[in-house]
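Asker: Got a sequence here, can you build the structure:
(2 chains)
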Amino acid sequence: MSAADVPLWAALPAALLLICGGLLTLVGSLGLLRLDSFFARIHAPTMGGTLGAGCVLLASMLVSTALAQRPVIHELLITLFILITAPVTTMLLMRAAILRSKE
Amino acid sequence: MKRPPVVPLLPVVLLIVWLLLNDSLSLGHVLLGVAFALFVSAAVRRLRPLPALPHRIHVAIGLCWRVFLDIVRSNIGVGRVILGAAQRQPTIGFLKIPLDLRDPHGLAMLSIIVTGTPGTVWSGHDPTTNVLTLHVLDLQDEDAWIHTIKDRYERPLMEIFE
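Answerer: Sure thing, here's the model as predicted:
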């Protein structure tokens, strides 16, 4: 099994999705550099965590479905777990920042 | 009025997760998954006695779709703000939104939706007054945000969980 085995109908959209996901995550990380306050910066990495990760996982589903020649969708689990865990850490950071700014 | 059918969320989700993890729909895995789901649900009931019982699944599917669209839209919005940050820093701000939703599972879902969407972070909830504090990256129109949270997310969540 090599990269050449991936049929074109899966390889093209997967490559496009990977580029999109990479760009979104890059812009999100760039936000950490360009935004000036903590409360603004906290919003930036969410981009990579939602749509960025989503694009990469969708690309992974496409390629593994094409290679296995049956629907492979267990990447959905990663999406589910990212979606339910990432907000928890964000909220934790937010609450900590609010408490500190009150001091 | 006939009460809509109630689905116990935890066992159903556990079964789906089990089947996805094993990447198989064979009878053995379905049976094992059902046993596993029932056992874990029974064990968790001791820790969290209040089960999540959503009804109106079609509302939930509609809500998921809307949340997906909003995530895509706000990714683009936040991306714009970041790329334009050299010219203009965004006007960040806290927003107080009075909620009507009381169900703890509904509130948990709302917090995940709000925080999972780039540009907004759930930053506090007062259980006595039921007021949500929301942090918004680019606060231009306060009423629009209140309207979005209340009509788009809170109303369907109340229909699902209450």
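Asker: how about the strands in chain B?
Answerer: Along chain B, the segments classed as strands by DSSP state E run B:93-98, B:120-126, B:131-136.
Asker: closest to chain A out of those?
Answerer: Chain A lies closest, by Cβ to the nearest Cβ, to one member of the strands of chain B: strand B:120-126, at 4.6 Å. No exception for glycine: its C-beta is placed from N, CA and C like everyone else's.
Asker: Outside of the closest one itself, list whatever touches it.
Answerer: Residues from elsewhere that reach strand B:120-126 (Cβ atoms under 8 Å, 6 or more residues apart in numbering or on different chains): A:42-43, A:87, A:90-91, A:94-95, A:98, B:74, B:94, B:99, B:107, B:110-111, B:114-115, B:131-137, B:145.
Asker: Tally up the residues packed near the closest residue to chain A within chain B, please.
Answerer: The minimum distance from chain B to chain A, using Cβ to the nearest Cβ, falls at B:Thr115 (3.5 Å). By other Cβ atoms under 10 Å in any protein chain shown, 24 other residues sit near B:Thr115.
Asker: Name all residues that make contact with it.
Answerer: With Cβ under 8 Å, 6+ apart, B:Thr115 has these contacts: A:Thr46, A:Ala86, A:Pro87, A:Thr90, A:Met91, B:Val121, B:Trp122.
Asker: State the phi and psi torsions of the residue nearest to it when sequence neighbours are not counted.
Answerer: Spatial nearest neighbour of B:Thr115, chain neighbours left out: A:Pro87 (3.5 Å); criterion: Cβ to Cβ, 6 or more residues apart in numbering or on different chains. The phi/psi pair for A:Pro87 (degrees, to the nearest 10) reads phi -60, psi -30.
Asker: circling back to that earlier point, for PyMOL, write the select line for the buried members of the contacts of B:Thr115.
Answerer: The PyMOL command for the buried members of the contacts of B:Thr115 (criterion: 16 or more other Cβ atoms under 10 Å in any protein chain shown) is given here:
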select buried, (chain A and resi 46+86+87+90+91) or (chain B and resi 121+122)
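Asker: Look up how far A:Pro7 lies from whatever residue of chain A ends up closest to chain B.
Answerer: Here chain A gets closest to chain B at one residue, A:Pro87, 3.5 Å apart by Cβ to the nearest Cβ. From A:Pro87 across to A:Pro7, the span is 37 Å (Cβ to Cβ, to the nearest Å).
Asker: Likewise for A:Cys20?
Answerer: To A:Pro7, A:Cys20 is 20 Å away according to Cβ to Cβ.
Asker: who's more crowded, the two?
Answerer: Using other Cβ under 10 Å, the more surrounded residue of A:Cys20 and A:Pro7 is A:Cys20, with 17 against 11.
Asker: Where does that one fall, secondary structure wise?
Answerer: Taking DSSP states H and E as the definition, one finds A:Cys20 inside helix A:8-34.
Asker: Thank you kindly, that will do.
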